[in-house]
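dropping a prediction and its sequence here:
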Amino acid sequence: MPQPSKLLKSRDEWKSKAVERATEIRELRQTKKRHLKKIAELKRQCCQSEWIIEEKKEPFLTI
């Protein structure tokens, strides 16, 4: 049977690795969320620009 000090050390190492992984995953999730918001904003701006360009290309149509 392993010594209690080795068990405690192993447990502490496991816990610190788990905390590091959780922190890294949380940061990646937050970064992904920010990137998706930025992509949505850029798509909106792109569509808006395309509409403006189309309006300027076509002369005003009168009925």
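Happy to help now that I have it.

any regions of this protein where pLDDT drops low?
1, 59-63 (pLDDT under 70).

that one: helices as residue ranges?
4-57 (DSSP state H).

how much space separates residue 50 from residue 37?
Spatial separation of residue 50 from residue 37 under the definition C-beta to C-beta, to the nearest Å is 21 Å. The way it works is simple: take the backbone N, C-alpha and C, and place the C-beta from them, glycine included.

also residue 10?
With distances defined as C-beta to C-beta, the gap from residue 10 to residue 37 amounts to 41 Å.

equivalent analysis for residue 28, please.
Distance, residue 28 to residue 37, using C-beta to C-beta: 15 Å.

measure the residue nearest the centre of the chain to residue 56 for me?
Relative to the mean C-alpha position of the chain, the nearest C-alpha, by C-alpha atoms, centre = their mean, is the one of residue 32, at 0.9 Å. Computed with C-beta to C-beta, the distance linking residue 32 and residue 56 is 36 Å.

can you check residue 35 too?
Applying C-beta to C-beta, one obtains 32 Å for the distance of residue 35 from residue 56.

before we move on, what about residue 38?
When distance is defined by C-beta to C-beta, residue 38 is 27 Å away from residue 56.

can you give me how far stretch 42-59 is from the chain middle?
For stretch 42-59, the distance between its averaged C-alpha position and the chain's averaged C-alpha position is 28 Å (C-alpha atoms, centre = their mean, to the nearest Å).

again, but for stretch 17-35
9 Å.

can you check stretch 22-39 too?
When C-alpha coordinates are averaged (C-alpha atoms, centre = their mean), stretch 22-39 and its chain have centres 3 Å apart.

export only the CA atoms of it, formatted as CSV.
The C-alpha coordinates for stretch 22-39 follow below in CSV (Å, rounded to 0.1, in the frame of the first residue of the first chain):
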residue,chain,number,x,y,z
ALA,A,22,-11.0,23.9,-16.2
THR,A,23,-9.5,27.4,-16.4
GLU,A,24,-8.2,26.8,-19.9
ILE,A,25,-11.5,25.4,-21.1
ARG,A,26,-13.4,28.3,-19.6
GLU,A,27,-11.0,30.8,-21.3
LEU,A,28,-11.4,29.0,-24.6
ARG,A,29,-15.2,29.0,-24.3
GLN,A,30,-15.2,32.8,-23.5
THR,A,31,-12.8,33.5,-26.4
LYS,A,32,-15.1,31.5,-28.8
LYS,A,33,-18.1,33.4,-27.6
ARG,A,34,-16.4,36.7,-28.3
HIS,A,35,-15.2,35.6,-31.7
LEU,A,36,-18.8,34.5,-32.6
LYS,A,37,-20.1,37.9,-31.6
LYS,A,38,-17.5,39.6,-33.7
ILE,A,39,-18.3,37.4,-36.7
